[in-house]
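Participant: Let's see this in three dimensions:
(one chain, ligands or ions: 2)
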Amino acid sequence: MSKTTIILEAGDEAAQVAIGRQLAEALGYRGIVYLNGELGAGKTTLARGVLRALGHDGAVKSPTYTLVEPYDLESGRVYHFDLYRLADPEELEFLGAREMFADNALALVEWPIRGEGWLPAADVVITLSLIQQGRRLVLEAGSDHGVQALQALAVASRAFS
Ligand SMILES: Nc1ncnc2c1ncn2[C@@H]1O[C@H](COP(=O)(O)OP(=O)(O)O)[C@@H](O)[C@H]1O
Ligand SMILES: [Mg+2]
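Facilitator: Residues are numbered from 1 along each chain as shown. Ligands and ions are numbered 1, 2, ... in the order given. A predicted model of the protein is given here:
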């Protein structure tokens with residue numbers, strides 16, 4: 001696996017959603033994506049873009065208390081995790097998360113650091129931060145599938161690698 005990192009900037013919320021859409025398509029609607037970044041960094045907004053790509057038109061809220069929200073959509077299944085309130089990574093076992101990650105689905109994980117030691121490795125790790133105008137997204141591949149996805153995304157977004 002070659003090291004692949006791309007950096008994107010989203011000037012506003014609509015751009016953030018658009019990148020989420022392109023990411024979902026680049027991943028072929030499957031894989032594991034970690035979303036790092038502080039509260040307000042735009043993780044859930046990016047997840048909304050991903051969900052839009054798979055055909056979900058409704059609201060998207062971080063599943064802060066339930067830890068995971070499953071979506072069964074036209075183009076596949078998505079599991080949206082928010083592990084901010086996870087006390088112990090082993091709790092993921094009781095949630096049935098093992099089957100969710102084994103499923104041929106797309107898993108989006110906010111606050112993956114809380115699940116460290118239990119979570120399977122990511123195909124793409126995204127770190128979001130605030131910049132003067134919008135958000136910066138640093139996307140790093142963690143597998144061959146992730147490398148291919150980021151190469152496709154770089155073309156789609158005309159980014160530099
Ligand atoms: N690229 C962006 N530029 C400007 N505002 C953004 C951008 N992405 C998201 N936001 C806004 O930032 C706020 C927090 O976003 P959210 O996705 O809920 O963050 P998180 O899930 O990381 O806590 C929302 O009001 C959202 O509209
Ligand atoms: Mg959130």
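
Participant: How about residue 109: which residues does it bridge to?
Facilitator: Beta-bridge pairing for residue 109 (DSSP bridges): residue 34, residue 81.

Participant: Might one say that it is in contact with residue 32?
Facilitator: Yes: using CB atoms under 8 Å, residue 109 is in contact with residue 32, at 7.1 Å. The way it works is simple: take the backbone N, C-alpha and C, and place the C-beta from them, glycine included.

Participant: Residue 114: what's it in contact with?
Facilitator: Counting by CB atoms under 8 Å, 6 or more residues apart in numbering, residue 114 makes contact with 83, 84, 86, 89.

Participant: Show me which residues of the chain are close to ligand 1?
Facilitator: Residues of the chain lying close to ligand 1 by CB under 6 Å from any ligand atom are 10, 12-13, 15-16, 37, 39-45, 62, 134-135.

Participant: Give me the common contacts of residue 109 and residue 32.
Facilitator: In terms of CB under 8 Å, 6+ apart, residue 109 and residue 32 are both contacted by the residues residue 122.

Participant: Need the max-distance pair from the contacts of residue 114.
Facilitator: Within the contacts of residue 114, 84 and 89 form the most distant pair, 13.3 Å apart (CB to CB).

Participant: from the chain's centre, how far out does stretch 106-116 sit?
Facilitator: On the basis of CA atoms, centre = their mean, to the nearest Å, stretch 106-116 is displaced by 8 Å from the centre of the chain it belongs to.

Participant: can you dump the C-alpha coordinates of it into CSV?
Facilitator: What follows is stretch 106-116 as a C-alpha-only set of coordinates in CSV (Å, rounded to 0.1, in the frame of the first residue of the first chain):
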residue,chain,number,x,y,z
LEU,A,106,-20.2,1.9,4.9
ALA,A,107,-19.2,2.7,8.5
LEU,A,108,-18.7,6.3,9.5
VAL,A,109,-17.1,6.7,13.0
GLU,A,110,-17.1,10.0,14.8
TRP,A,111,-14.7,10.0,17.8
PRO,A,112,-12.9,6.8,16.8
ILE,A,113,-10.3,7.5,19.6
ARG,A,114,-12.9,6.4,22.1
GLY,A,115,-13.1,2.9,20.5
GLU,A,116,-9.4,2.5,20.1
